[in-house]
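Peer 1: next one to model:
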Amino acid sequence: MPRVAESRAPALPSSEGQKDRYERILRAAAEHGAEHGLDGIQMVDVAKDAGVALATMYRYFPSKTILFTQVLRGLVERMDLAVRPVAPGGEPSEAIAALLVETGRRMMQRPLLAHAMLHSNNATVAGDTPSLAVDAAFGDVILKAAGIDRPSRHDLRLVRLIEQTWYGVLTSELNGHVTAAEAEGDIRLACRLLLGDLGRTSAEG
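Peer 2: Just a heads-up that it's a prediction; the model follows:
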């Protein structure tokens, strides 16, 4: 019988050996996701290519949606390491647009993996473990790109809106509803329209 994913929080790696196994699983999942898409992946195959026992796989990633949400988290963490705050006098909306466009381009190089990550994150938000979704971490990256250390409630709302818009535009591109050029244009326009006053209200506002 197929294994039923457990509704539980996944374990987190602590030792160096555990962290190494964890990262191997994420790398193997990314390769399988890029080749087969979310529906075509078998967890046992990912475990095999990662060189870990299937039980280890399920301890860290109880389901495919959690697994690919964490693959997306790795992408967000790499974005965070690479991003540089907007230069003094620069326009935050333009810096964020550039970040989102470049990240979208990289994701679209492996469209099946991009779909697996976005679909999984949305499912995680709507499921039993919404805290595992990457929305908060992604929002932090956007604020970092904008050079905002103490965001107001209004800032956080704008960041949430642009994040949701970006996900939607990428999904439309993946589904063939818009071209890559149209998607990038839509992202830049959304940033100009939604983020014009980002960072211009007090942290208490």
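Peer 1: residue ranges with poor pLDDT in the protein?
Peer 2: Within the chain, the segments meeting pLDDT under 70 span 1-8, 202-205.
Peer 1: now the most centrally placed residue in it: how far from residue 174?
Peer 2: Nearest residue to the geometric centre of the chain (Cα atoms, centre = their mean): residue 72, 3.8 Å. For residue 72, the distance to residue 174 (Cβ to Cβ, to the nearest Å) stands at 14 Å. The way it works is simple: take the backbone N, C-alpha and C, and place the C-beta from them, glycine included.
Peer 1: same check, this time on residue 120
Peer 2: Counting by Cβ to Cβ - residue 120 and residue 174 are separated by 13 Å.
Peer 1: higher neighbour count, those two?
Peer 2: Using other Cβ atoms under 10 Å as the criterion, residue 120 and residue 174 rank with residue 120 on top: 26 against 18.
Peer 1: on that earlier part again, now for residue 72 and residue 174: what residues contact both?
Peer 2: Counting by Cβ atoms under 8 Å, 6 or more residues apart in numbering, the shared contacts of residue 72 and residue 174 are residue 118.
Peer 1: number of nearby residues for residue 40?
Peer 2: 12.
Peer 1: and it, what element?
Peer 2: For residue 40, there is no enclosing helix or strand under DSSP states H and E.
Peer 1: equivalent analysis for the one 5 residues further on, please.
Peer 2: Under the assignment given by DSSP H and E, the secondary-structure element containing residue 45 is helix 43-50.
Peer 1: show me what that helix is packed against.
Peer 2: Contacts defined by 3 or more Cβ pairs under 8 Å, 6 or more residues apart in numbering; DSSP states H and E place helix 43-50 against helix 16-36, helix 54-60, helix 64-82.
Peer 1: contact partners for the residue nearest to residue 137 when sequence neighbours are not counted?
Peer 2: Among residues not flanking residue 137 along the chain, residue 76 sits closest, at 5.0 Å (Cβ to Cβ, 6 or more residues apart in numbering). Residue 76 makes contact with 134, 137-138, 141, according to Cβ under 8 Å, 6+ apart.
Peer 1: now, among the residues you listed, which is nearest to residue 80?
Peer 2: Taking Cβ to Cβ as the measure, residue 141 is the one of the contacts of residue 76 closest to residue 80, at 4.9 Å.
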